[in-house]
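Chemist: Predicted model and sequence follow; I will ask about them next.
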Amino acid sequence: MNKINHLLLLTLAIVASAFASLDYAEATVGGPTTISAIAHDSAQGSVYYTVHDGGGRGCPPIIHIIDLLTLKDRELKSCGDVEQDVFSDDGQANLEKYAQYRTDVYDKLSYMGSISLKKNNIDIRVTHLKENLFEDYVISNEFRATVMQDGKELAKIDFRGCAKDQPHMFEGYMIPNSDALALLISNKTDCFEGGYIGESITIVKGVKYYDTTIIRSIKSEGATEPNLANMIVYAGAPSSELQAPDTKAKEKNLMSIVLLSILGAIVCIIFGYLIGRKSVRSY
């Protein structure tokens with residue numbers, strides 16, 4: 001190998017290392033956004049929950065409140081407000097002060113538990129709406145969830161995901177003494193850096209509770225996982241079909257192979273019968 005080839009390989013190695021370092025640095029920018037501590041205030045008629053934002057500017061957990069009458073969702077304190085409270089003039093953080101504030105807020109609330117969507121005759125269909133592109137790169141997809149109970153439509157919820165065929169998890173939290181349900185959606189919300197889990201809460205009204213058995217008593221900070229209460233839905237498939245599209249395709253392919261095998265066996269039997277008859281006649 002001559003000197004020119006050695007120099008070319010060295011240059012390519014340096015460039016590859018630079019890109020690898022850049023990818024590693026950028027991989028630390030984003031993060032998941034999860035929800036915890038879903039609770040309600042019956043006297044006030046409101047639902048509370050806490051958002052843990054793992055990306056962006058690195059805000060502390062932010063408490064949200066939803067008015068059940070207007071369905072307006074707002075932050076009790078914004079990220080900027082919390083930063084002003086937590087950080088003193090000399091830049092030192094007083095995290096205990098904000099932790100005590102969160103404790104004081106939740107002391108007057110009652111935690112809500114998740115109930116089985118299936119046992120309450122709730123069905124969810126997800127429809128793919130459109131693909132969001134940046135040049136030729138898919139950055140996200142838009143979806144719409146149609147929530148039904150006993151065949152009656154209760155709500156339509158627009159939300160965002162990464163891929164068209166990705167799973168979307170739905171979990172329902174019962175609001176006591178009401179016909180309302182806090183529906184949590186957990187999925188990959190976009191495709192940046194491979195996509196991160198994002199969670200959101202929407203209030204669905206007009207719900208009848210047939211089964212009030214609590215499956216999950218308190219929503220923790222981590223992303224929700226499959227359990228007996230929630231549903232996994234793919235775009236274009238009913239919530240009762242929890243298999244991925246590629247699994248369904250494999251089943252169809254297997255069924256086609258079986259049918260072709262049966263058909264081939266029938267053809268062989270008929271062909272053998274005809275050959276047999278011809279041989280008998282020749283004698």
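Modeler: In hand now; what should we look at?
Chemist: Quick check: which element contains Tyr106?
Modeler: In the assignment (DSSP states H and E), Tyr106 maps to helix 95-107.
Chemist: Could you check how far that helix is from the centre of its chain?
Modeler: 29 Å (C-alpha atoms, centre = their mean, to the nearest Å).
Chemist: Other residues contacting that helix?
Modeler: 37, 39, 48, 50, 60-61, 63, 76-77, 82, 85-86 (C-beta atoms under 8 Å, 6 or more residues apart in numbering). Bear in mind the C-beta positions are built from the backbone N, C-alpha and C, glycine included.
Chemist: of those residues, closest to Pro226?
Modeler: Nearest to Pro226 among the contacts of helix 95-107, counting by C-beta to C-beta, is Ala37 at 20.9 Å.
Chemist: I'd assumed Thr50 was in contact with the closest one.
Modeler: Yes: the criterion here is C-beta atoms under 8 Å, and Ala37 meets it with Thr50 at 4.7 Å.
Chemist: Now tabulate the contacts of helix 95-107 in CSV and tack on neighbour count, pLDDT and distance to Asp179.
Modeler: Below are the contacts of helix 95-107 laid out as CSV (neighbours: other C-beta atoms under 10 Å; pLDDT from 0 to 100; distance: C-beta to C-beta, whole Å):
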residue, neighbour count, pLDDT, distance to Asp179
Ala37, 20, 97, 23
Ala39, 21, 98, 19
Tyr48, 22, 98, 19
Thr50, 21, 98, 25
Pro60, 18, 90, 34
Pro61, 17, 94, 30
Ile63, 18, 97, 25
Leu76, 15, 95, 25
Lys77, 17, 94, 30
Val82, 21, 89, 34
Asp85, 14, 81, 37
Val86, 17, 79, 39
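Chemist: These: which two are farthest apart?
Modeler: Greatest spatial distance among the contacts of helix 95-107 (C-beta to C-beta): Ala39 and Val86, at 22.6 Å.
Chemist: Could you spell out the sheet neighbours of whichever helix or strand comes after the helix holding Tyr106, each with its direction?
Modeler: Proceeding N to C from helix 95-107, the next assigned helix or strand is strand 110-111, under DSSP H and E. Pairing partners of strand 110-111, with direction, according to DSSP bridges: strand 33-41 (antiparallel).
Chemist: Using neighbour counts, pick out the buried residues of the helix holding Tyr106.
Modeler: 98, 101-102, 105 (16 or more other C-beta atoms under 10 Å).
Chemist: In strands only, show me the contacts of helix 95-107.
Modeler: Of the positions in the contacts of helix 95-107, 37, 39, 48, 50, 63 sit in strands, assigned by DSSP state E.
Chemist: Looking at those residues, spot the one nearest Asp136.
Modeler: Thr50 (38.2 Å).
Chemist: Tell me who's in contact with the closest one.
Modeler: Neighbours of Thr50 in contact, by C-beta under 8 Å, 6+ apart: 35-37, 61-64, 102.
Chemist: Quick check: which ranges of the stretch 151-283 of the chain have low pLDDT?
Modeler: Scanning the stretch 151-283 of the chain for pLDDT under 70 picks out 238-283.
Chemist: please redo it, this time with the cut-off set to 50
Modeler: 240-254, 256-258, 267, 279-280, 282-283 (pLDDT under 50).
Chemist: Do a quick rundown of the strands in it.
Modeler: 152-161, 168-174, 180-188, 197-205, 231-233 (DSSP state E, counting those that start in this stretch).
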